[in-house]
Every structure is written in C-alpha cells, then in structure tokens.
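J.: everything below, folded, please.
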Amino acid sequence: MNTHFAVGPGADNGPADVMLIQALFHYLSHLGKETTRRFTGLRRSELPAITGRCDYKTQRAILNFQLRHAKRLQNVDGLVHPASYE
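T.: Predicted structure coming up:
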C-alpha cells in the first residue's frame, strides 16, 4: 500500500490517502490491545475516525507513531510521505 501524496499538516491530504492512513491505524488497533499501544502509542479512543479528513486526531496519530519509531525512520516530521523506490 502506498499513498499518492503526503498526508499530514500542510500536505496535499487527498481524501483517499488520508483514509488509507486512518484505516491502517485502525488495522493496527485490531491486532490486539497490547499491539495498539506498542505500535501506535495511542489508546483506541485516540484513534482517528476514518473520514478522509486530516483532522487533529489523524495528525496526532501520525506524529505519535513517528516519535515511537524515530530510531527506525529517516526523519520525524508529522507527515506520511509516498514511498520512493529510487
């Protein structure tokens, strides 16, 4: 899965891309109670609704996820960028 455009504050935030990111957070939350906190850093009540709008909860979920996995990421900027295979 990949987004076509970036998702997050000041990004293009195409509704389909935003819905994909929101749905992935929900997918992670349904893997088990332990998994939700471990991977996302969020309680289930903090998960963004799947609306296609990049609202506060969506932005917070992205940033929390990046902060939790900062050692594995190239940068922590609060944005989900499309994958680049160059």
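J.: could I get the full set of strands for this structure?
T.: Counting by DSSP state E, no segments of the chain form strands.
J.: where does it dip in pLDDT?
T.: 32-37, 86 (pLDDT under 70).
J.: any idea which helix is longest in it?
T.: helix 15-29 (DSSP state H).
J.: pull out the buried residues from that helix.
T.: Across helix 15-29, burial judged by 16 or more other C-beta atoms under 10 Å covers Asp17, Val18, Met19, Leu20, Ile21, Gln22, Leu24, Phe25, Leu28, Ser29. Glycine gets a C-beta too; all of them are placed from N, C-alpha and C.
J.: centre-most residue in the protein?
T.: Averaging the C-alpha coordinates of the chain gives a centre point, and the residue nearest to it by C-alpha atoms, centre = their mean is Ile62 (3.8 Å).
J.: could you give the number of residues near Gln60?
T.: For residue 60 the amino acid is Arg, not Gln. Residues lying near Arg60 (other C-beta atoms under 10 Å) number 16.
J.: surely it touches Leu47?
T.: No. In this structure Arg60 lies outside contact range of Leu47 using C-beta atoms under 8 Å: 10.0 Å.
J.: in this protein, which spans are helices?
T.: Under DSSP H, the chain gives helices at 15-29, 33-40, 56-68.
J.: wait, which of the ones you listed is closest to Gly78?
T.: Evaluated with C-beta to C-beta, these place helix 56-68 nearest to Gly78, the distance being 4.5 Å.
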